[in-house]
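Novice: Sequence plus the predicted model coming up.
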Amino acid sequence: MLAIAAAIVFGLGLLLDLLGTSLGSGIGATTFMLLGLLLLALHQAGVGNTGFRSWRGRSRARR
């Protein structure tokens, strides 16, 4: 889920960069790129998914 959000944020950053605009003071294409990198890092760390615990809980119930 975070990877999809990161793709959307990267797309918005690309559009802002291509148009040469910003959304106010300090919110420009670079901000969106950094936010996208943060979301990708969280995705790689395993934040925001179902988690390993819920998978283990289901496997124990089957035994």
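Specialist: That came in fine, so what should we check first? On a predicted model such as this, the values are computed, not experimentally measured, just so you know.
Novice: Give me the three-state assignment for Ile27.
Specialist: On the three-state scheme (DSSP: H, G, I helix; E, B strand; the rest coil), Ile27 is labelled coil.
Novice: Next one: it, what pLDDT does it get?
Specialist: pLDDT for Ile27: 84.
Novice: how far away is the residue nearest to the spatial centre of the chain from Leu16?
Specialist: Nearest to the mean C-alpha position of the chain, by Cα atoms, centre = their mean, lies Leu39 at 2.9 Å. Distance from Leu39 to Leu16, counting by Cβ to Cβ, to the nearest Å: 17 Å. Where you see a C-beta, it was placed from the backbone N, CA and C, and this is true even at glycine.
Novice: try Leu23
Specialist: On the measure of Cβ to Cβ, Leu23 and Leu16 end up 7 Å apart.
Novice: More neighbours: which of the two?
Specialist: Higher neighbour count among Leu23 and Leu16: Leu16, with 19 against 12, using other Cβ atoms under 10 Å.
Novice: That one reaches Phe32, doesn't it?
Specialist: Yes. Counting by Cβ atoms under 8 Å, Leu16 touches Phe32, with 6.4 Å between them.
Novice: what's the offset of the helix or strand hosting Ala41 from the middle of its chain?
Specialist: In this structure, Ala41 sits in helix 29-45 according to DSSP states H and E. How far helix 29-45 lies from its chain's middle: 6 Å, per Cα atoms, centre = their mean, to the nearest Å.
Novice: which other residues reach that helix?
Specialist: With contacts defined as Cβ atoms under 8 Å, 6 or more residues apart in numbering, helix 29-45 is touched by 1-3, 5-7, 9-10, 12-14, 16-17, 22, 48-49.
Novice: Tell me the buried residues within these.
Specialist: Leu2, Ala5, Ala6, Val9, Phe10, Leu12, Gly13, Leu16 (16 or more other Cβ atoms under 10 Å).
Novice: out of the residues you listed, what pair is the most spread apart?
Specialist: Within the buried ones among the contacts of helix 29-45, Leu2 and Leu16 form the most distant pair, 20.7 Å apart (Cβ to Cβ).
Novice: Nice, that's everything, thank you.
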